[in-house]
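K.L.:
predicted coordinates and the sequence they were generated for:
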Amino acid sequence: MNMKVFAVIKREYLTRVKTKGFIIGTFLFPMILILIFGGYFIFSTVFGPSTRTYHIIDQSGRIFDEFSRIQSDTLKNGDPEYQFIREDITAEGLEPIVDGLQNRVLNKEIDGYMIIPEDIVESKTITYSARNVSDFEEQESFGRTFSWIVTNMRFENRGLPADEIRQEMNRGRVRLNTRQVTEKGEIEKSGGASFALSYLLTYVIILMMMIYGQTLMRSVIEEKTQRITETIVSSIKPIELMLGKIAGICALGITQLIVFGGIILLMLNYSESIFKQLGVDAPDVLGFVRQIHFSSNVFAFMIIFFLLGFVFFSSIFAAVGAMVNTEDEGQQYQMPLMILIWIGFFIMLTVAKNPETPRAFWVSLFPLFTPIVMFSRIAVSDPIIPSGAYLSLFTMSASTVLLIMLVAKIYRVGILMYGKKASIKEAIRWIRYK
């Protein structure tokens, strides 16, 4: 490697890797992602509600007792999760009772009230009124319990033994045990867990490509506006300067990915004990986490596709930095690039569910989408390598080299131009310069 290029790489890498922001961000970044995707389960135990009080007007006279019995769970501290109070209709009728309950809800004396109509079996509608109706999980829980009770009532009205029918329904409940067929045999694997892992890792790749791409663009603009570039290019070729800056900043991203991967592997290995320490004891959640398999094969491809994707897109970021004089101007040019990156992410959401279709194959070979779409196909298919994976490495590498050759011509002219923002038409003209 040219020692001048190496000097640029060393400068770009060391001046940033030693900063407190990079060190803190490297270890904080995985934690932030964990909080984004798992914070709901963690903080739901920390900021969970105290006992909630609901008044129930049961006009049917058949629902309240059974509902209260089924919804008799307790909180972590041992207190009851709900307190249900029966409201009997007096001679004055329903309206005065509702008015009084509404006032008590507004005064925060109770959390809410529910009205069960007399014809609940036919109407199948219950009114739930509260000061806040954002707790959809509670409402779904209440809805399931009411549905269970009303279904039993319908069975009984037809003279059918509800308990026996329920028992038979439970006995007939089927669990789908998903297994992936590989050349070495079948392995147990969850589709939801594979999709979640693919979603998380591709999100990380996108985030880091955009963050470090913008870092590169700002670096180019800063050196250009401060006239530092004029001094540098007197001793090094513009393309060598550009490649050195790309490689140096790319090394920062790879450093963070390695740390990130190590932390994720540790978190997955000790996830069950960590969740239990935080008070999360949901079997479905813990079972889902156990199904996430982050293999070394997937991690290696993650590094490779980040490297290829970053070099590809960062060369465009470098060209944008050379064409403009301020970050505000750069934002205008980089927006279409951001949109293309996010389009690849949205394509990934569909392709990850159907990774072996012909359309998935061809779109994953398109260089603008390869780092995201092809990697997601690999992540969900692991340990199987999907068709076109190695071909995409070749096409992506060839496209990146070709793009760098074109962008280098824009960079060469742009870094020495001051005073005005270059247009796309001018940039194309620069490419034709010899």
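P.N.:
In hand now; what should we look at?
K.L.:
ok, now which ones touch L216?
P.N.:
If you count contacts by C-beta atoms under 8 Å, 6 or more residues apart in numbering, L216 has them with 245-246, 249, 314, 317-318, 321. From N, CA and C alone the C-beta is placed, and that goes for glycine too.
K.L.:
out of those, give me the one that has the most neighbours.
P.N.:
G321 (31 neighbours; other C-beta atoms under 10 Å).
K.L.:
quick one: what helix or strand has that one in it?
P.N.:
helix 296-323 (DSSP states H and E).
K.L.:
any weak-confidence spans in the stretch 251-400 of the chain?
P.N.:
Residues of the stretch 251-400 of the chain meeting the criterion pLDDT under 70: 269-291.
K.L.:
so the residue at the greatest distance from the centre of the chain, which state does it fall into?
P.N.:
Largest separation from the mean C-alpha position in the chain: A91, at 55.8 Å (C-alpha atoms, centre = their mean). Secondary structure, DSSP: H, G, I helix; E, B strand; the rest coil: A91 is coil.
K.L.:
which parts of this protein are strands?
P.N.:
Applying DSSP state E to the chain gives strands spanning 52-58, 82-86, 112-116, 127-130, 179-182, 185-188.
K.L.:
of all these, which lies closest to K224?
P.N.:
The minimum distance between K224 and the strands of the chain falls on strand 179-182, with 51.3 Å, by C-beta to C-beta.
K.L.:
out of the strands of the chain, which is closest to F294?
P.N.:
Nearest to F294, of the strands of the chain and by C-beta to C-beta, is strand 185-188 at 14.5 Å.
K.L.:
tell me how many other residues crowd P371.
P.N.:
For P371, the number of neighbouring residues by other C-beta under 10 Å comes to 29.
K.L.:
so how far is G159 from it?
P.N.:
With distances taken as C-beta to C-beta, to the nearest Å, P371 is found 64 Å from G159.
K.L.:
ok so, going back, dihedrals phi and psi, the residue farthest from the centre of the chain?
P.N.:
phi -60, psi -20 (degrees, to the nearest 10).
K.L.:
which residues sit in contact with it?
P.N.:
Residues near A91 by C-beta under 8 Å, 6+ apart: none.
K.L.:
highest average neighbour count across the strands of the chain?
P.N.:
strand 112-116 (a mean of 21; mean count of other C-beta atoms under 10 Å).
K.L.:
report the rounded mean pLDDT for that one.
P.N.:
For strand 112-116, mean pLDDT rounds to 91.
K.L.:
that one packs against which elements?
P.N.:
Where contact means 3 or more C-beta pairs under 8 Å, 6 or more residues apart in numbering; DSSP states H and E, strand 112-116 is packed against strand 52-58, helix 94-106, strand 127-130.
K.L.:
list the strands paired with the shortest one, with their directions.
P.N.:
Within its sheet, strand 127-130 is paired with strand 112-116 (antiparallel), according to DSSP bridges.
K.L.:
what's in contact with the strand it pairs with?
P.N.:
52, 54-60, 63-64, 87, 94, 98, 101, 105, 126-131, 142, 146.
K.L.:
likewise stretch 423-430?
P.N.:
Outside stretch 423-430, the residues within contact range by C-beta under 8 Å, 6+ apart are 319, 323, 409-410, 412-414, 422.
K.L.:
then stretch 92-107?
P.N.:
The contact list for stretch 92-107 (C-beta under 8 Å, 6+ apart) reads 55, 57, 59, 87, 89-90, 110-113, 115, 129-131.
K.L.:
among these, which one lies nearest to R16?
P.N.:
For the contacts of stretch 92-107, the nearest to R16 is R131 (50.0 Å; C-beta to C-beta).
K.L.:
nearest spatial neighbour of the closest one, skipping sequence neighbours?
P.N.:
Distance criterion C-beta to C-beta, 6 or more residues apart in numbering; nearest residue to R131, sequence neighbours excluded, is V105 at 5.2 Å.
K.L.:
pLDDT at that neighbour, what is it?
P.N.:
Model confidence at V105, given as pLDDT, is 89.
K.L.:
all helices of the stretch 251-400 of the chain, in order?
P.N.:
271-277, 283-290, 296-323, 327-351, 358-363, 370-381, 389-414 (DSSP state H, counting those that start in this stretch).
K.L.:
pick the most buried one from those helices.
P.N.:
Of all the helices of the stretch 251-400 of the chain, helix 370-381 has the most neighbours on average by mean count of other C-beta under 10 Å, namely a mean of 27.
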